[in-house]
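Engineer: I would like to see how this sequence folds:
(chains A, B, C and D)
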There are 2 protein chains.
Amino acid sequence: MSPSDDPLIRRFVEEAGNTTQTLGVGRVAGQVFAYLYFSPEPRSLDDLKEGLGISKGSASMVVRQLEQWGAVQRVWIKGDRKDYYTANDYFGRMLRNVIMDVMGKRLSSLSELLDATDAQLNAQAKPVPNHAFLQSRVKRLREFQGKVQSLWGNPLVKVLMK
Amino acid sequence: MSPSDDPLIRRFVEEAGNTTQTLGVGRVAGQVFAYLYFSPEPRSLDDLKEGLGISKGSASMVVRQLEQWGAVQRVWIKGDRKDYYTANDYFGRMLRNVIMDVMGKRLSSLSELLDATDAQLNAQAKPVPNHAFLQSRVKRLREFQGKVQSLWGNPLVKVLMK
DNA sequence: AACATCGTTCAATACGTACTGAACGATATG
DNA sequence: CATATCGTTCAGTACGTATTGAACGATGTT
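Structural biologist: Below is the predicted model:
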(Lines give C-alpha, C1' and ligand atoms only; values in the text may rest on other atoms or scores of the structure.)
Protein backbone atom coordinates (compact mmCIF):
# COMPACT_ATOMS: atom_id res chain seq x y z
CA MET A 1 0.00 0.00 0.00
CA SER A 2 1.32 3.35 -1.01
CA PRO A 3 1.12 6.22 1.45
CA SER A 4 -0.55 8.40 -1.15
CA ASP A 5 -3.53 6.07 -1.13
CA ASP A 6 -4.58 7.46 2.23
CA PRO A 7 -6.59 10.62 1.47
CA LEU A 8 -5.31 12.24 4.63
CA ILE A 9 -1.72 11.78 3.61
CA ARG A 10 -2.56 12.93 0.13
CA ARG A 11 -3.60 16.20 1.71
CA PHE A 12 -0.21 16.49 3.38
CA VAL A 13 1.46 15.85 0.06
CA GLU A 14 -0.59 18.52 -1.62
CA GLU A 15 -0.09 21.01 1.18
CA ALA A 16 3.65 20.43 1.26
CA GLY A 17 3.78 20.83 -2.49
CA ASN A 18 2.01 24.16 -2.34
CA THR A 19 4.29 25.35 0.43
CA THR A 20 7.53 24.53 -1.33
CA GLN A 21 6.18 26.01 -4.53
CA THR A 22 5.42 29.39 -2.97
CA LEU A 23 8.84 29.24 -1.34
CA GLY A 24 10.37 29.00 -4.77
CA VAL A 25 11.71 25.50 -4.28
CA GLY A 26 9.45 23.71 -6.72
CA ARG A 27 6.26 21.78 -6.09
CA VAL A 28 7.51 18.22 -6.32
CA ALA A 29 10.18 18.82 -3.70
CA GLY A 30 7.53 19.22 -1.04
CA GLN A 31 5.45 16.42 -2.46
CA VAL A 32 8.30 13.95 -2.44
CA PHE A 33 9.35 14.87 1.06
CA ALA A 34 5.82 14.53 2.44
CA TYR A 35 5.41 11.24 0.63
CA LEU A 36 8.58 9.87 2.16
CA TYR A 37 7.86 11.43 5.54
CA PHE A 38 4.68 9.40 5.85
CA SER A 39 6.12 6.21 4.46
CA PRO A 40 6.94 3.66 7.17
CA GLU A 41 9.32 1.95 4.78
CA PRO A 42 11.87 3.42 2.38
CA ARG A 43 10.72 4.17 -1.15
CA SER A 44 12.34 3.84 -4.53
CA LEU A 45 12.32 6.28 -7.44
CA ASP A 46 9.69 4.17 -9.12
CA ASP A 47 7.54 4.35 -6.02
CA LEU A 48 7.75 8.13 -6.17
CA LYS A 49 7.06 8.13 -9.87
CA GLU A 50 3.91 6.09 -9.60
CA GLY A 51 2.79 7.25 -6.19
CA LEU A 52 2.95 10.91 -7.11
CA GLY A 53 2.46 10.75 -10.85
CA ILE A 54 5.75 12.47 -11.66
CA SER A 55 8.41 11.59 -14.18
CA LYS A 56 11.39 9.48 -13.25
CA GLY A 57 13.69 12.35 -14.15
CA SER A 58 11.94 14.62 -11.69
CA ALA A 59 12.11 12.00 -8.99
CA SER A 60 15.82 11.54 -9.53
CA MET A 61 16.68 15.23 -9.50
CA VAL A 62 14.47 16.29 -6.62
CA VAL A 63 15.64 13.43 -4.45
CA ARG A 64 19.23 14.48 -4.95
CA GLN A 65 18.36 18.05 -4.03
CA LEU A 66 16.53 16.93 -0.91
CA GLU A 67 19.48 14.74 0.00
CA GLN A 68 21.81 17.72 -0.31
CA TRP A 69 19.64 19.66 2.11
CA GLY A 70 19.67 16.76 4.55
CA ALA A 71 15.94 16.34 4.21
CA VAL A 72 16.15 12.85 2.85
CA GLN A 73 18.45 9.90 3.32
CA ARG A 74 19.49 7.10 1.08
CA VAL A 75 19.21 3.59 2.42
CA TRP A 76 20.45 0.36 1.00
CA ILE A 77 18.31 -2.71 1.01
CA LYS A 78 20.36 -5.84 0.59
CA GLY A 79 19.70 -7.85 -2.49
CA ASP A 80 18.03 -4.92 -4.24
CA ARG A 81 19.59 -2.80 -6.96
CA LYS A 82 17.23 0.08 -6.47
CA ASP A 83 18.01 3.12 -4.38
CA TYR A 84 15.66 3.68 -1.50
CA TYR A 85 15.03 6.84 0.46
CA THR A 86 13.60 7.88 3.78
CA ALA A 87 12.73 11.30 5.15
CA ASN A 88 14.59 12.84 8.06
CA ASP A 89 12.75 14.76 10.72
CA TYR A 90 15.41 17.27 11.70
CA PHE A 91 13.33 20.11 10.36
CA GLY A 92 15.46 22.78 11.96
CA ARG A 93 18.67 21.66 10.32
CA MET A 94 16.84 21.16 7.03
CA LEU A 95 15.48 24.66 7.12
CA ARG A 96 18.90 26.11 7.84
CA ASN A 97 20.44 24.27 4.93
CA VAL A 98 17.75 25.40 2.54
CA ILE A 99 17.96 29.02 3.60
CA MET A 100 21.74 28.98 3.42
CA ASP A 101 21.59 27.47 -0.02
CA VAL A 102 19.07 29.99 -1.31
CA MET A 103 20.39 33.11 0.43
CA GLY A 104 24.07 32.42 0.83
CA LYS A 105 25.29 33.82 -2.45
CA ARG A 106 22.94 36.79 -2.19
CA LEU A 107 24.25 37.82 1.21
CA SER A 108 27.89 37.66 0.25
CA SER A 109 27.08 39.44 -2.97
CA LEU A 110 25.50 42.25 -0.98
CA SER A 111 28.56 42.38 1.23
CA GLU A 112 30.84 42.81 -1.75
CA LEU A 113 28.63 45.48 -3.19
CA LEU A 114 28.69 47.39 0.06
CA ASP A 115 32.47 47.23 0.16
CA ALA A 116 32.76 48.47 -3.38
CA THR A 117 30.38 51.30 -2.65
CA ASP A 118 32.27 52.38 0.43
CA ALA A 119 35.54 52.37 -1.46
CA GLN A 120 34.14 54.41 -4.28
CA LEU A 121 32.46 56.91 -1.99
CA ASN A 122 35.67 57.53 -0.11
CA ALA A 123 37.84 57.70 -3.19
CA GLN A 124 36.02 60.65 -4.68
CA ALA A 125 38.20 63.74 -4.85
CA LYS A 126 35.24 66.03 -4.67
CA PRO A 127 32.31 64.35 -2.95
CA VAL A 128 29.15 63.75 -4.96
CA PRO A 129 26.24 66.02 -4.11
CA ASN A 130 24.45 63.51 -1.90
CA HIS A 131 27.57 62.05 -0.39
CA ALA A 132 26.36 62.16 3.19
CA PHE A 133 22.98 60.71 2.32
CA LEU A 134 24.41 57.83 0.36
CA GLN A 135 26.85 57.01 3.13
CA SER A 136 24.11 56.91 5.74
CA ARG A 137 22.07 54.51 3.62
CA VAL A 138 25.00 52.23 3.01
CA LYS A 139 25.72 52.28 6.73
CA ARG A 140 22.17 51.26 7.57
CA LEU A 141 22.39 48.41 5.11
CA ARG A 142 25.56 47.23 6.77
CA GLU A 143 23.94 47.31 10.17
CA PHE A 144 21.07 45.23 8.91
CA GLN A 145 23.38 42.73 7.32
CA GLY A 146 25.23 42.41 10.60
CA LYS A 147 22.03 41.83 12.52
CA VAL A 148 20.94 39.06 10.20
CA GLN A 149 24.29 37.31 10.53
CA SER A 150 24.36 37.62 14.32
CA LEU A 151 20.82 36.33 14.50
CA TRP A 152 21.80 33.46 12.28
CA GLY A 153 24.71 32.43 14.47
CA ASN A 154 22.93 33.06 17.75
CA PRO A 155 23.08 30.05 20.08
CA LEU A 156 19.57 30.59 21.35
CA VAL A 157 18.21 30.45 17.83
CA LYS A 158 20.15 27.27 17.17
CA VAL A 159 18.72 25.67 20.29
CA LEU A 160 15.19 26.73 19.48
CA MET A 161 15.49 25.29 16.03
CA LYS A 162 17.24 22.06 17.02
CA MET B 1 19.23 63.65 -11.68
CA SER B 2 17.76 60.24 -11.26
CA PRO B 3 19.41 57.84 -8.81
CA SER B 4 19.60 55.15 -11.47
CA ASP B 5 22.01 57.31 -13.42
CA ASP B 6 24.74 56.47 -10.94
CA PRO B 7 26.21 53.14 -12.08
CA LEU B 8 26.88 52.16 -8.49
CA ILE B 9 23.26 52.60 -7.54
CA ARG B 10 22.22 50.80 -10.66
CA ARG B 11 24.10 47.82 -9.31
CA PHE B 12 22.11 48.00 -6.10
CA VAL B 13 18.90 48.14 -8.10
CA GLU B 14 19.90 45.10 -10.10
CA GLU B 15 21.07 43.17 -7.07
CA ALA B 16 17.90 43.94 -5.14
CA GLY B 17 15.84 42.89 -8.14
CA ASN B 18 17.60 39.55 -8.34
CA THR B 19 17.17 38.98 -4.64
CA THR B 20 13.44 39.63 -4.53
CA GLN B 21 12.97 37.55 -7.65
CA THR B 22 14.61 34.48 -6.17
CA LEU B 23 12.58 35.06 -3.03
CA GLY B 24 9.45 34.80 -5.13
CA VAL B 25 8.40 38.38 -4.61
CA GLY B 26 8.96 39.60 -8.14
CA ARG B 27 11.89 41.45 -9.63
CA VAL B 28 10.52 44.97 -9.80
CA ALA B 29 9.66 44.97 -6.11
CA GLY B 30 13.33 44.93 -5.22
CA GLN B 31 14.21 47.32 -8.00
CA VAL B 32 11.67 49.90 -6.92
CA PHE B 33 12.67 49.64 -3.29
CA ALA B 34 16.37 50.06 -4.05
CA TYR B 35 15.62 52.96 -6.35
CA LEU B 36 13.65 54.72 -3.66
CA TYR B 37 16.12 53.75 -0.97
CA PHE B 38 18.87 55.65 -2.74
CA SER B 39 16.74 58.61 -3.69
CA PRO B 40 17.34 61.64 -1.46
CA GLU B 41 13.97 63.02 -2.50
CA PRO B 42 10.62 61.25 -2.89
CA ARG B 43 9.78 59.84 -6.29
CA SER B 44 6.59 59.63 -8.30
CA LEU B 45 5.20 56.71 -10.30
CA ASP B 46 6.43 58.36 -13.46
CA ASP B 47 9.90 58.66 -11.99
CA LEU B 48 9.84 54.93 -11.32
CA LYS B 49 8.48 54.22 -14.77
CA GLU B 50 11.18 56.14 -16.54
CA GLY B 51 13.99 55.56 -14.10
CA LEU B 52 13.58 51.80 -14.13
CA GLY B 53 12.02 51.27 -17.54
CA ILE B 54 8.90 49.58 -16.20
CA SER B 55 5.26 50.10 -17.04
CA LYS B 56 3.11 52.49 -15.09
CA GLY B 57 0.83 49.63 -14.10
CA SER B 58 3.74 47.73 -12.59
CA ALA B 59 4.87 50.79 -10.70
CA SER B 60 1.41 51.34 -9.29
CA MET B 61 0.90 47.75 -8.16
CA VAL B 62 4.33 47.12 -6.73
CA VAL B 63 4.34 50.38 -4.82
CA ARG B 64 1.10 49.43 -3.15
CA GLN B 65 2.51 46.05 -2.22
CA LEU B 66 5.63 47.62 -0.78
CA GLU B 67 3.50 50.07 1.14
CA GLN B 68 1.52 47.19 2.63
CA TRP B 69 4.74 45.64 3.83
CA GLY B 70 5.84 48.90 5.38
CA ALA B 71 8.82 49.08 3.05
CA VAL B 72 7.74 52.28 1.42
CA GLN B 73 5.88 55.36 2.51
CA ARG B 74 3.65 57.76 0.67
CA VAL B 75 4.41 61.45 1.05
CA TRP B 76 2.43 64.44 -0.05
CA ILE B 77 4.11 67.34 -1.71
CA LYS B 78 2.01 70.44 -1.55
CA GLY B 79 0.83 71.83 -4.82
CA ASP B 80 1.47 68.57 -6.61
CA ARG B 81 -1.17 66.11 -7.67
CA LYS B 82 1.22 63.22 -8.00
CA ASP B 83 1.82 60.63 -5.31
CA TYR B 84 5.37 60.48 -4.07
CA TYR B 85 7.11 57.69 -2.23
CA THR B 86 10.14 57.21 -0.02
CA ALA B 87 11.77 54.04 1.26
CA ASN B 88 11.81 53.14 4.93
CA ASP B 89 14.89 51.63 6.51
CA TYR B 90 13.27 49.48 9.18
CA PHE B 91 14.48 46.36 7.46
CA GLY B 92 13.64 44.12 10.38
CA ARG B 93 10.00 45.10 10.51
CA MET B 94 9.79 44.92 6.74
CA LEU B 95 11.16 41.41 6.72
CA ARG B 96 8.73 40.31 9.40
CA ASN B 97 5.80 41.67 7.46
CA VAL B 98 6.86 39.99 4.25
CA ILE B 99 7.42 36.63 5.89
CA MET B 100 4.13 36.85 7.73
CA ASP B 101 2.37 37.70 4.51
CA VAL B 102 3.93 34.87 2.57
CA MET B 103 3.93 32.19 5.26
CA GLY B 104 0.97 33.12 7.44
CA LYS B 105 -1.72 31.22 5.56
CA ARG B 106 0.54 28.25 5.09
CA LEU B 107 1.30 27.89 8.78
CA SER B 108 -2.33 28.07 9.87
CA SER B 109 -3.22 25.71 7.08
CA LEU B 110 -0.69 23.23 8.40
CA SER B 111 -2.12 23.65 11.88
CA GLU B 112 -5.62 22.80 10.66
CA LEU B 113 -4.35 19.81 8.77
CA LEU B 114 -2.59 18.51 11.87
CA ASP B 115 -5.77 18.90 13.91
CA ALA B 116 -7.82 17.07 11.31
CA THR B 117 -5.27 14.29 11.18
CA ASP B 118 -5.21 13.87 14.93
CA ALA B 119 -8.98 13.73 15.07
CA GLN B 120 -9.17 11.15 12.36
CA LEU B 121 -6.42 9.01 13.83
CA ASN B 122 -8.14 8.90 17.20
CA ALA B 123 -11.61 8.34 15.81
CA GLN B 124 -10.71 5.05 14.15
CA ALA B 125 -12.48 2.13 15.77
CA LYS B 126 -9.72 -0.24 14.78
CA PRO B 127 -6.42 1.55 14.33
CA VAL B 128 -4.86 1.58 10.89
CA PRO B 129 -1.81 -0.65 10.45
CA ASN B 130 0.74 2.13 10.88
CA HIS B 131 -1.18 4.00 13.52
CA ALA B 132 1.75 4.46 15.88
CA PHE B 133 4.09 5.54 13.12
CA LEU B 134 1.69 8.10 11.73
CA GLN B 135 1.04 9.51 15.16
CA SER B 136 4.73 9.93 15.87
CA ARG B 137 5.26 11.80 12.60
CA VAL B 138 2.33 14.10 13.25
CA LYS B 139 3.66 14.72 16.73
CA ARG B 140 7.07 15.70 15.36
CA LEU B 141 5.46 18.08 12.93
CA ARG B 142 3.56 19.70 15.77
CA GLU B 143 6.74 20.13 17.76
CA PHE B 144 8.42 21.81 14.84
CA GLN B 145 5.48 24.10 14.27
CA GLY B 146 5.60 25.09 17.94
CA LYS B 147 9.31 25.83 17.74
CA VAL B 148 8.87 28.09 14.76
CA GLN B 149 6.12 30.03 16.46
CA SER B 150 8.06 30.42 19.72
CA LEU B 151 11.08 31.56 17.78
CA TRP B 152 8.93 34.01 15.94
CA GLY B 153 7.55 35.56 19.10
CA ASN B 154 10.85 35.45 20.98
CA PRO B 155 11.76 38.86 22.47
CA LEU B 156 15.45 38.41 21.75
CA VAL B 157 14.74 37.80 18.11
CA LYS B 158 12.57 40.89 18.00
CA VAL B 159 15.34 42.97 19.54
CA LEU B 160 17.96 41.57 17.20
CA MET B 161 15.79 42.39 14.23
CA LYS B 162 14.72 45.80 15.41
C1' DA C 1 -17.86 72.53 -19.43
C1' DA C 2 -14.10 70.71 -21.91
C1' DC C 3 -9.68 69.17 -21.28
C1' DA C 4 -5.52 67.45 -18.96
C1' DT C 5 -3.34 64.76 -15.57
C1' DC C 6 -3.32 61.51 -12.23
C1' DG C 7 -3.59 56.34 -10.36
C1' DT C 8 -5.87 51.95 -10.93
C1' DT C 9 -7.48 47.88 -13.14
C1' DC C 10 -7.36 43.64 -15.72
C1' DA C 11 -7.21 40.95 -19.92
C1' DA C 12 -3.42 39.75 -22.85
C1' DT C 13 1.23 38.59 -23.15
C1' DA C 14 5.99 37.62 -22.37
C1' DC C 15 9.02 35.32 -19.66
C1' DG C 16 11.49 32.28 -16.62
C1' DT C 17 11.78 27.87 -14.98
C1' DA C 18 9.96 23.49 -13.22
C1' DC C 19 9.04 19.38 -15.26
C1' DT C 20 9.09 15.79 -18.75
C1' DG C 21 10.75 11.74 -21.20
C1' DA C 22 13.69 9.71 -24.57
C1' DA C 23 18.45 8.54 -24.85
C1' DC C 24 22.35 7.07 -22.48
C1' DG C 25 25.96 4.76 -19.48
C1' DA C 26 26.52 1.80 -15.76
C1' DT C 27 25.75 -2.28 -13.43
C1' DA C 28 23.60 -6.59 -12.53
C1' DT C 29 21.59 -11.12 -14.25
C1' DG C 30 20.88 -15.27 -17.03
C1' DC D 1 27.85 -12.03 -24.20
C1' DA D 2 23.27 -10.58 -24.60
C1' DT D 3 19.63 -8.77 -22.03
C1' DA D 4 17.35 -6.41 -18.32
C1' DT D 5 17.16 -3.08 -14.81
C1' DC D 6 18.80 0.69 -12.65
C1' DG D 7 19.77 6.10 -12.15
C1' DT D 8 21.14 10.23 -14.63
C1' DT D 9 21.14 13.75 -18.02
C1' DC D 10 19.46 17.52 -20.81
C1' DA D 11 17.04 19.51 -24.70
C1' DG D 12 12.28 20.44 -25.29
C1' DT D 13 7.95 21.74 -23.44
C1' DA D 14 4.32 23.09 -20.55
C1' DC D 15 3.00 25.88 -17.04
C1' DG D 16 2.38 29.54 -13.75
C1' DT D 17 2.85 34.13 -12.99
C1' DA D 18 5.07 38.67 -13.32
C1' DT D 19 4.61 42.40 -16.33
C1' DT D 20 2.49 45.11 -19.71
C1' DG D 21 -0.45 48.78 -21.62
C1' DA D 22 -4.86 50.31 -23.19
C1' DA D 23 -9.14 51.67 -21.13
C1' DC D 24 -11.23 53.76 -17.36
C1' DG D 25 -12.82 56.73 -13.36
C1' DA D 26 -11.49 60.31 -10.49
C1' DT D 27 -9.76 64.64 -9.73
C1' DG D 28 -7.74 68.91 -10.86
C1' DT D 29 -7.19 72.86 -14.39
C1' DT D 30 -8.32 76.55 -17.86
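Engineer: contacts only, for the closest residue in space to A:Gly24 that isn't next to it in sequence.
Structural biologist: Counting by C-beta to C-beta, 6 or more residues apart in numbering or on different chains, A:Gly24 lies nearest to B:Gly24, which is 4.1 Å off, once chain neighbours are set aside. All C-beta spots, glycine's among them, are computed from the backbone N, C-alpha and C. Shown in contact with B:Gly24 (C-beta atoms under 8 Å, 6 or more residues apart in numbering or on different chains): A:Thr22, A:Leu23, A:Gly24, B:Val102.
Engineer: now B:Gly24, what's its secondary structure?
Structural biologist: Following DSSP: H, G, I helix; E, B strand; the rest coil, we place B:Gly24 in the coil state.
Engineer: which helix or which strand is home to the residue of chain A at minimum distance from DNA strand D?
Structural biologist: Residue nearest to DNA strand D within chain A: A:Gly57 (3.0 Å; C-beta to the nearest atom of the strand). In the assignment (DSSP states H and E), A:Gly57 maps to helix A:56-68.
Engineer: any part of that helix near DNA strand C?
Structural biologist: Yes: Helix A:56-68 reaches DNA strand C (C-beta under 7 Å from any atom of the strand) through A:Lys56, A:Gly57, A:Ser58, A:Met61, A:Val62.
Engineer: which stretches of chain A form strands?
Structural biologist: Assigned by DSSP state E, the strands in chain A fall at A:43-44, A:72-75, A:84-87.
Engineer: quick one, the helix ranked longest in chain A and helix A:56-68 angle?
Structural biologist: Secondary structure of chain A per DSSP state H: the longest helix is helix A:91-123. Put simply, helix A:91-123 runs at 80 degrees to helix A:56-68, going by axes from the mean of the first three to the mean of the last three C-alpha atoms, to 10 degrees.
Engineer: any residue of helix A:91-123 touching chain B?
Structural biologist: Yes: using C-beta under 8 Å from any C-beta of the partner chain, helix A:91-123 reaches chain B at A:Phe91, A:Gly92, A:Val102, A:Arg106, A:Ser109, A:Leu110, A:Leu113, A:Ala116, A:Thr117, A:Gln120.
Engineer: what about the last one, how many residues nearby?
Structural biologist: Per other C-beta atoms under 10 Å in any protein chain shown, the neighbour tally for A:Gln120 reads 14.
Engineer: now it. Nearest residue, chain neighbours left out?
Structural biologist: Closest to A:Gln120 by C-beta to C-beta, 6+ apart is B:Leu8, at 5.9 Å.
Engineer: check the fourth one too.
Structural biologist: When the adjacent residues along the chain are set aside, A:Arg106 lies closest to B:Thr19, with 5.1 Å between them (C-beta to C-beta, 6+ apart).
Engineer: distance of the one you found from DNA strand C?
Structural biologist: 12 Å (C-beta to the nearest atom of the strand, to the nearest Å).
Engineer: contacts only, for that residue.
Structural biologist: Neighbour list for B:Thr19: A:Arg106, A:Leu110, B:Gly30 [criterion: C-beta under 8 Å, 6+ apart].
Engineer: correct me, but the last one touches B:Ala16?
Structural biologist: Yes: B:Gly30 is within contact range of B:Ala16, at 3.6 Å (criterion: C-beta atoms under 8 Å).
Engineer: who wins for neighbours among the contacts of B:Gly24?
Structural biologist: Comparing the contacts of B:Gly24 by number of neighbours (other C-beta under 10 Å), A:Leu23 comes first, having 18 neighbours.
Engineer: got a list of contacts for the helix holding A:Gly57?
Structural biologist: Contacts of helix A:56-68 (C-beta under 8 Å, 6+ apart): A:26, A:28-29, A:32-33, A:45-46, A:48-49, A:52, A:72-74, A:85, A:97, A:101.
Engineer: show me what from chain A comes close to DNA strand D.
Structural biologist: A:21, A:44-46, A:56-57, A:60-61, A:63-64, A:81-83.
Engineer: count of residues packed around the residue nearest to A:Gln120?
Structural biologist: B:Leu8 has 16 nearby residues by other C-beta under 10 Å.
Engineer: farthest pair within the residues of chain A next to DNA strand D?
Structural biologist: Spanning the widest gap among the residues of chain A next to DNA strand D are A:Gln21 and A:Arg81, at 32.5 Å by C-beta to C-beta.
Engineer: so between these two, which is more surrounded?
Structural biologist: The neighbour count for A:Gln21 versus A:Arg81, taken as other C-beta under 10 Å, is higher for A:Gln21 (16 against 6).
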